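Engineer: Kindly generate the corresponding structure for this input.
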Amino acid sequence: MAVVKLPQNGKLSLKVQTGVSATGNPVYRLRAFANIRAGATDSDVLAVAEGLANLQKHKLADIIRQDVNNLANQ
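Structural biologist: Modelled structure (predicted):
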């Protein structure tokens with residue numbers, strides 16, 4: 001049997017630096033957005049992430065896209 005990957009909606013996370021710890025290390029938080037369409041291109045997701053980042057008061061450290069897939073036998 002062949003295994004088939006069935007794309008599902010994913011998640012977009014913006015990692016922002018919210019401050020500095022007492023030891024001088026950066027403190028990060030994730031801003032998560034669910035239901036990112038599986039068919040959305042990486043460039044479209046990046047453009048949306050950059051637009052959302054401009055709305056944040058904290059400095060953007062990273063953009064993370066998590067794709068979710070179901071696996072099935074056929």
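Engineer: use CA for all of it now, contacts and neighbours both
Structural biologist: Will do.
Engineer: Quick one: neighbours of residue 11, just the number.
Structural biologist: 16 (other Cα atoms under 10 Å).
Engineer: Show the average pLDDT along the longest strand anywhere in the chain.
Structural biologist: Scanning the chain for the longest strand, with DSSP state E as the assignment, gives strand 3-20. Mean per-residue pLDDT for strand 3-20: 96.
Engineer: So which bits of stretch 50-64 are buried?
Structural biologist: 53, 60, 63 (16 or more other Cα atoms under 10 Å).
Engineer: Among those residues, which ones are in strands?
Structural biologist: Per DSSP E, the buried residues of stretch 50-64 map to strands at 60, 63.
Engineer: ok, the residue nearest to the spatial centre of the chain to residue 23 distance?
Structural biologist: Against the mean C-alpha coordinate of the chain, by Cα atoms, centre = their mean, the closest residue is residue 12 at 2.5 Å. Distance, residue 12 to residue 23, by Cα to Cα, to the nearest Å: 30 Å.
Engineer: surely residue 37 meets residue 7?
Structural biologist: No. Between residue 37 and residue 7 there is no contact under Cα atoms under 8 Å: 9.2 Å.
Engineer: Is it correct that residue 15 is in contact with residue 33?
Structural biologist: No. Assessed by Cα under 8 Å, residue 15 is found out of contact with residue 33, at 11.6 Å.
Engineer: neighbour count winner among these two?
Structural biologist: Neighbour totals were compared for residue 15 and residue 33, and residue 15 leads with 19 against 13 (other Cα under 10 Å).
Engineer: Report the beta-bridge partners for the more buried one.
Structural biologist: residue 30, residue 62 (DSSP bridges).
Engineer: Enumerate every residue touching it.
Structural biologist: 28-31, 60-64 (Cα atoms under 8 Å, 6 or more residues apart in numbering).
Engineer: Done for today, thanks.
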